[in-house]
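Trainee: Any chance you can model this:
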Amino acid sequence: MSNSLFGLTIFSWNADGVRSRIVEIRDFIDKHSSDLMLIQETHLRPEYSFNIPNYLCYRDDRTNSVRGWGGTAILIKRSIPHFHVPTPPLLTGVEATLVALTPSDQEPILVASIYIPPNPTYRNLGADLDALFKIFKAAFIAGDYTAKHTSWGCANSDPRGNYLLRYITNNNIDLISPPTPTRYGTDSASTLDYALTKNLIWPCTADSISELSSDHNPVRFHFPRTSNFEMPPPQLNTTWSIFTNILANPDNFELPTANSTQEIDS
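Mentor: A predicted model of the protein is given here:
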């Protein structure tokens, strides 16, 4: 991986508990060669270990729950330059684990695994998102938002989805969601897992993958490494008739002076 988002593959998944799924998580990571895996609802307590070979694990356990539900984590390849970012105080029950990617040619990029529990407290959700987005100029915040809206492929919109859409619109946030649902119930399907980004100039694709044993599919976010997304070269046209005439009359040819890139192109 180069020191940018080009070529990076990030997975986000609501696991509904990781301890009983450790083998399939390892197999999934080996199969897809993920650079980072953002996990929600880890159900881990501080005394539980959770390790994947060749990856560093950062986690924020929900310690105020008797049953140990909730919790977020990030698995990141050891070879990727980064550092752990402490989660700032969040007011509405939002849970998040944060790391900063540290490309050599630009400022740090925040990557966050976020889980918003399905409770009615969402009126101050914008303040919690502000607290995350202001850490660095560029941010990629993915996870389970538990918010439905037709704008990102749900069959209907709920109040939290309406609130989130207003926040996105008012704060110049980009939303990246897969074209197919991410959570499947007994008789329903909806898109609850997606990414909010700010000040990221890289193109990104998102896919909901029908693997792993949770009611949520893992979502793959991929930043392609391809020449199709390089800056296009200047569009210059050569008038061959004029060029031919100049060559045919070398005595009348005067070499023009050029003192800038624009003058050279002209």
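Trainee: contacts for stretch 115-130?
Mentor: Contact partners of stretch 115-130, identified using C-beta atoms under 8 Å, 6 or more residues apart in numbering, comprise 14, 40-41, 70-72, 90-96, 141, 143-147, 159-160, 163-164, 167, 171, 196. Just so you know, the C-beta spots here come from the backbone N, C-alpha and C atoms, and that holds for glycine as well.
Trainee: Can you give me the end-to-end span of that stretch?
Mentor: 15 Å (C-alpha to C-alpha, to the nearest Å).
Trainee: What of stretch 48-55?
Mentor: Per C-alpha to C-alpha, stretch 48-55 runs 17 Å from first to last residue.
Trainee: residue ranges with poor pLDDT in this structure?
Mentor: 1-5, 65-68, 120, 226-239, 243, 250-256, 258, 260-266 (pLDDT under 70).
Trainee: Now do the helices in it.
Mentor: 22-32, 125-133, 159-170, 240-248, 261-265 (DSSP state H).
Trainee: what's the spacing between S241 and A248?
Mentor: 11 Å (C-beta to C-beta, to the nearest Å).
Trainee: again with Y58
Mentor: 71 Å.
Trainee: And P89, by the same measure?
Mentor: Counting by C-beta to C-beta, the gap from P89 to A248 is 77 Å.
Trainee: ditto for I141
Mentor: 64 Å.
Trainee: ok, now T9?
Mentor: 57 Å.
Trainee: The two: who's more crowded?
Mentor: With neighbours defined as other C-beta atoms under 10 Å, T9 and A248 compare such that T9 has more, 17 against 9.
Trainee: The more buried one: what's it in contact with?
Mentor: Going by C-beta under 8 Å, 6+ apart, T9 touches 32-36, 220-223.
Trainee: Return the members of those classed as buried.
Mentor: 34-36, 220-223 (16 or more other C-beta atoms under 10 Å).
Trainee: Including distance to L212, could these go into CSV?
Mentor: Converted to CSV, the buried ones among the contacts of T9 look like this (distance: C-beta to C-beta, whole Å):
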residue, distance to L212
S34, 12
D35, 17
L36, 16
R220, 12
F221, 16
H222, 17
F223, 22
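Trainee: I'd like to know which of the residues you listed are part of strands.
Mentor: Under the assignment DSSP state E, the buried ones among the contacts of T9 contribute 36, 220-222 to strands.
Trainee: Can you lay out these as CSV showing distance to L132?
Mentor: CSV is the format used below for these (distance: C-beta to C-beta, whole Å):
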residue, distance to L132
L36, 16
R220, 22
F221, 17
H222, 22
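Trainee: Name the nearest of those residues relative to I176.
Mentor: I176 lies nearest to F221 out of these, by C-beta to C-beta, at 6.5 Å.
Trainee: Not counting residues beside it along the chain, what's closest to that closest one?
Mentor: I10 (4.5 Å; C-beta to C-beta, 6 or more residues apart in numbering).
Trainee: Enumerate every residue touching the residue nearest to K148 when sequence neighbours are not counted.
Mentor: Once flanking residues are discounted, K148 sits nearest to C154: 4.0 Å by C-beta to C-beta, 6+ apart. Shown in contact with C154 (C-beta under 8 Å, 6+ apart): 148, 161, 190-191.
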